[in-house]
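Asker: below is the sequence, then the predicted model.
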Amino acid sequence: MDGKAAKDSTTLVERWIEDQREWQKTAMAYLDSMVKNDEFLTHLGNAMRGSLLAGKAYPTAGAATAAPAQDVPADDRLDRVLFALHQMQGQLSDLRMTLDEMRTGAKGSPPRMPATRSAVRKRAPAAKARKTKRKTTGKARR
Amino acid sequence: MSEPDEERELEALLELSRRGRAKLERLHEVLTSPGHYGTGASPSTVVYRENKLRLLRLVDEHGQPRSGPPVLFVPAPVSRYFIVDLLPGRSFAGHVAAAGFDVFVIDFGTPTTEDRFADLSYYVDGLVRRSVRVVSQLTGQAAINVVGYCLGGTLSLLYAALYPETVARLVLLTTMVDGDVEGGIGWVAHKMGLAGESYDHPRLVPAAEVKSWFEMLAPGSNSLVGRVTDLWDRLDDPAARLRDVRTMATWVDDVAPAPGRLLAELYQKFGPGRNGLITGVVQIGDRMVELAAVQMPVLSVSAEKDLIAPPEGVDAITRVVPHAEVLRLPGGHVGIVAGRTAAALWQRTVEFLATSRDGTHGL
């Protein structure tokens, strides 16, 4: 080995050593974050699943199993009651909005209509107009 | 092997080590910087709450709502609302607000066990209708603009048919109308057993299961090795770009659990082989919905590379709403709304919303 090659070889070795030090720093940075940042492990776990999802764990079948409602509960009465309460909450909101509109005299969007065909409702003004016209014509004839 | 060859190999290994370490350092930087935790990018106030729903009103830098015509964004209930308000500079809702519109966004929230009983009527004739009503009351406008995305578009279309007098203009983004067009989330869900979902005894379909349907659509995305390889390749990107990717991943990977009754009803009425929307008449709760009632101006946008809502199934809107303007844009289901090329959609939407019925500019 001549002098130039020996120098290059030394350089390469030094760079290897330096690279190893950098790896140690990287590893320490990861360890440091794991200790100091509670969410880092979750994020790292997501990354190990190929996802950069932030703030929560990647949804997996395992996580789903831990979820409280994967299957239909044997007794669903409480949930039915809770959902009925949510529906009532909506109805109360409708009532409040109707009262607000009555108080201010504003014509907001209509409250829930009774069960009719929307197209029938849409045609209603025209039908009413025809009816009025017929009535007027009838009066004129009389 | 000669010494120069050995040195070259060692140099190559050293370079490989350096690049691998650089990727891990970049990943560390991204994972330790503030992420996107599912909140919108634009400042807003909550103007209405019901069950898990929050109705957000975008405000300007002084905390004041805009004075322009109201626009209500209706995202899909099975994903997070912030796809329409992803990042500063990449926010569909923010862009529309910056154009002067008074923008409202529905956040359906995350359903819990009791919400498995929620059906189409609860969403269309309940949550969406009351949200429109709140917007009308706050703005004094009897008819407002509605922008629905994906399943949110389906809800918006049904709402517009039920209460046409309350919708000034309707924009439907990647909203499937023809359920018989093969491909897309409906077909995958069909093959994965959605037919087994019970309307009478529904369950809360876990997020992981909903996600598995979406993953089936993207080859490789349901493979752990494929996903990790994809992420490893991406780690060559600058950290700023990776933060964008992370924001998008936080939306894509964070699907919400879904009310089983809603899914069962969607499948039974609009799914493959049922295809109720294309008939133009659908029963929602105790109401008959006739799509012929949709007479307001309609813009329907499909995406050329949409794997979730195939463009042919979206463009079929003209079979039930013949006057609908159909626009097909290059890109995918998410890309056209929040990707790098989304500006085309945003601009066209603003132009459409700003045009009054007589064709003049309304803003």
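Answerer: Yep, it's here.
Asker: doesn't B:V210 belong to a helix?
Answerer: Yes. Counting by DSSP: H, G, I helix; E, B strand; the rest coil, B:V210 falls inside a helix.
Asker: which helix or strand contains the spatially closest residue to it that is not a sequence neighbour?
Answerer: Among residues not flanking B:V210 along the chain, B:V255 sits closest, at 4.9 Å (Cβ to Cβ, 6 or more residues apart in numbering or on different chains). For glycine as for every other residue, the C-beta is placed from the backbone atoms N, C-alpha and C. If you go by DSSP states H and E, B:V255 is not part of any helix or strand.
Asker: what about B:V255, distance to B:L329?
Answerer: Look at B:V255 and B:L329: by Cβ to Cβ, to the nearest Å, they are 24 Å apart.
Asker: which stretches of chain A form helices?
Answerer: A:3-36, A:40-48, A:61-66, A:77-104, A:118-141 (DSSP state H).
Asker: can you check chain B too?
Answerer: Under DSSP H, chain B gives helices at B:3-32, B:92-98, B:120-121, B:129-139, B:151-162, B:184-191, B:207-217, B:224-234, B:239-252, B:260-270, B:311-315, B:335-338, B:343-354.
Asker: A:D76: which of the ones you listed is closest?
Answerer: Nearest to A:D76 among the helices of chain B is helix B:260-270; the distance by Cβ to Cβ comes to 11.5 Å.
Asker: got the CA positions of that closest one in CSV?
Answerer: Provided in CSV are the C-alpha atoms of helix B:260-270 (Å, rounded to 0.1, in the frame of the first residue of the first chain):
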residue,chain,number,x,y,z
GLY,B,260,-74.3,0.7,10.9
ARG,B,261,-77.9,1.7,10.2
LEU,B,262,-76.7,4.5,7.9
LEU,B,263,-74.4,2.2,6.0
ALA,B,264,-77.2,-0.5,5.8
GLU,B,265,-79.6,2.0,4.4
LEU,B,266,-77.1,3.5,1.9
TYR,B,267,-76.3,0.0,0.7
GLN,B,268,-80.0,-1.1,0.5
LYS,B,269,-81.1,2.0,-1.4
PHE,B,270,-78.1,3.2,-3.4
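Asker: chain center to that helix, what's the gap?
Answerer: Relative to its parent chain, helix B:260-270 has a centroid offset of 19 Å by Cα atoms, centre = their mean, to the nearest Å.
Asker: packing partners of that helix?
Answerer: helix B:120-121, helix B:151-162, helix B:184-191, strand B:204-205, strand B:281-284 (3 or more Cβ pairs under 8 Å, 6 or more residues apart in numbering or on different chains; DSSP states H and E).
Asker: that one: which residues count as buried?
Answerer: Within helix B:260-270, the residues scored as buried using 16 or more other Cβ atoms under 10 Å in any protein chain shown are B:260-267, B:269-270.
Asker: low-confidence ranges, the stretch 51-200 of chain B, go.
Answerer: Across the stretch 51-200 of chain B, the ranges flagged by pLDDT under 70 are B:193.
Asker: return the residues of it in contact with chain A.
Answerer: By Cβ under 8 Å from any Cβ of the partner chain, the residues of the stretch 51-200 of chain B that approach chain A are B:51, B:112-118, B:122, B:125-127, B:129-130, B:132-134, B:136-137, B:140, B:142-144, B:161-166, B:198.
Asker: which residues touch the closest residue to B:H36 other than its chain neighbours?
Answerer: Of all residues beyond its chain neighbours, the one nearest B:H36 is B:T247 (4.1 Å), with distances taken as Cβ to Cβ, 6+ apart. Listed by Cβ atoms under 8 Å, 6 or more residues apart in numbering or on different chains, the contact set of B:T247 reads A:54, B:35-36, B:86-87.
Asker: of those residues, select the buried ones using a ChimeraX command.
Answerer: Entered in ChimeraX, the line below selects the buried ones among the contacts of B:T247, by 16+ other Cβ under 10 Å:
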select /A:54 /B:35,36,86,87
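Asker: for the contacts of B:T247, which one is nearest B:K211?
Answerer: A:A54 (16.0 Å).
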